[in-house]
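*Asks:* Okay, predicted coordinates and the sequence, questions at the end:
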Amino acid sequence: LTVRVGEAYPVTLQRPIDTAAAGLTLSARSADPTVATVGVPAAFGVNDAESAMTVTGVTPGSTTVTVFCGALAVESFTVTVDAAFLTLTAPLAVTVGDTEQLTVTRNGGDLTGALTVTLELDYAGVITLPATVQIPAGEQSAVVTVTGAGLVRPAVTVHATAAGYTAATAVVAVNAPALSFDPDPASVMLGETVTVRVLRLAAEAGAGLNLALQSSDTTVFTAAAAANFAAGETEVSFTVTGVGIGQGLGTAGSGYGMLSLSLAGVPVSSLDVFVSPNAALAVTMTDRSVTAGDTATVLVSRTGLSTR
């Protein structure tokens, strides 16, 4: 007979019906109660051919259970106790800024009570999940939410432990979010500020996503410091301002730069930015002369600005 730690297993005792004309009382004993315990067998009634008792696994190992009629041993059998164990059904991967589900299952243990399972990670900053999950009484499994948090490592190992159960592990990989921009590339005139949208897929928007923005050369252009998505949000906007057309990333005077987007210092995307010197000031007067002591209106306007 094989049982799990914490499992109460019913055992049926039988006698030939032609010897069942009277009642019969039996007893049972485990050779090692630290491995398995036995309950008192139910008495055979008159004409009863079957009785029952319970064997309960305590710790992994093996023991012999003997059934007695008075002082006479009438039957014996070996009981092997296997440890109850946990299993994890985890997603193969989760995208940073999104969520997936992880299932924790207990196998072979006693289901009559609730079980608290501790969840730990071998490296922080990759995914997040609850520190513990409770499998309710009568239930074999519970589900927890896994959130993609960062790209400091390509994968992380989840460890599940619970008292009386063999631990379980599962590996969860993390993917970078798929990002796009509008406009792409971004064009801006000297002194102009334009708005750029960064977008992510709706299927990857289950959680918040915080992106750090960095200009390749602040003498060419500046940008907002961050673009932060709320859970469920698929687009956010930030501004880019043209500063100069210096060296940048191209030839001198090219006005070319690159905006980097990163997660905790790990680059995830980039946007080309072009700064143009074509903006100019125009001065117009309705009248080209003005009388001393009189006034005239002068209009100063910028021309050649980007329409983005």
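*Replies:* Alright, I've got the coordinates.
*Asks:* which residues touch Val11?
*Replies:* If you count contacts by Cβ atoms under 8 Å, 6 or more residues apart in numbering, Val11 has them with 1, 52-55. Glycine gets a C-beta too; all of them are placed from N, C-alpha and C.
*Asks:* Using neighbour counts, pick out the buried residues of the particular helix or strand that has it in it.
*Replies:* Per DSSP states H and E, Val11 falls inside strand 8-14. Along strand 8-14, these residues count as buried under the neighbour rule (16 or more other Cβ atoms under 10 Å): 9, 11, 13.
*Asks:* Likewise for stretch 170-185?
*Replies:* 170, 172-174, 176-177, 179, 181.
*Asks:* Can you name the residues bridging to the residue nearest to Leu129 when sequence neighbours are not counted?
*Replies:* Nearest residue to Leu129, sequence neighbours excluded (Cβ to Cβ, 6 or more residues apart in numbering): Val146, at 5.1 Å. Legend: beta-bridge partners of Val146 under DSSP bridges are Glu100.
*Asks:* returning to that earlier point: could you identify the most distant pair in the contacts of Val11?
*Replies:* The largest separation in these, counting by Cβ to Cβ, is between Leu1 and Ala52 at 13.6 Å.
*Asks:* how about low-confidence regions in the stretch 151-300 of the chain?
*Replies:* 246-254, 278-282, 286, 288 (pLDDT under 70).
*Asks:* In it, mark out all the strands, start to finish.
*Replies:* 155-162, 165-175, 179-182, 186-189, 193-200, 209-215, 221-223, 226-229, 235-242, 256-263, 266-276, 280-285, 298-303 (DSSP state E, counting those that start in this stretch).
*Asks:* any idea which helix or strand comes after the strand holding Val11?
*Replies:* Assigned by DSSP H and E, the successor of strand 8-14 is strand 27-30.
*Asks:* What lies in contact with whichever helix or strand comes after that next one?
*Replies:* Going down the chain from strand 27-30, the next helix or strand is strand 36-38, by DSSP H and E. Counting by Cβ under 8 Å, 6+ apart, strand 36-38 makes contact with 3, 28-30, 53-58, 63, 65, 79, 81, all of which sit outside it.
*Asks:* May I see those residues organised as TSV, with neighbour count and distance to Ser215 added?
*Replies:* TSV is the format used below for the contacts of strand 36-38 (neighbours: other Cβ atoms under 10 Å; distance: Cβ to Cβ, whole Å):
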residue	neighbour count	distance to Ser215
Val3	21	66
Ala28	20	80
Arg29	14	80
Ser30	18	75
Met53	19	78
Thr54	17	72
Val55	22	72
Thr56	20	68
Gly57	29	65
Val58	18	66
Thr63	21	72
Val65	21	76
Val79	24	71
Val81	27	65
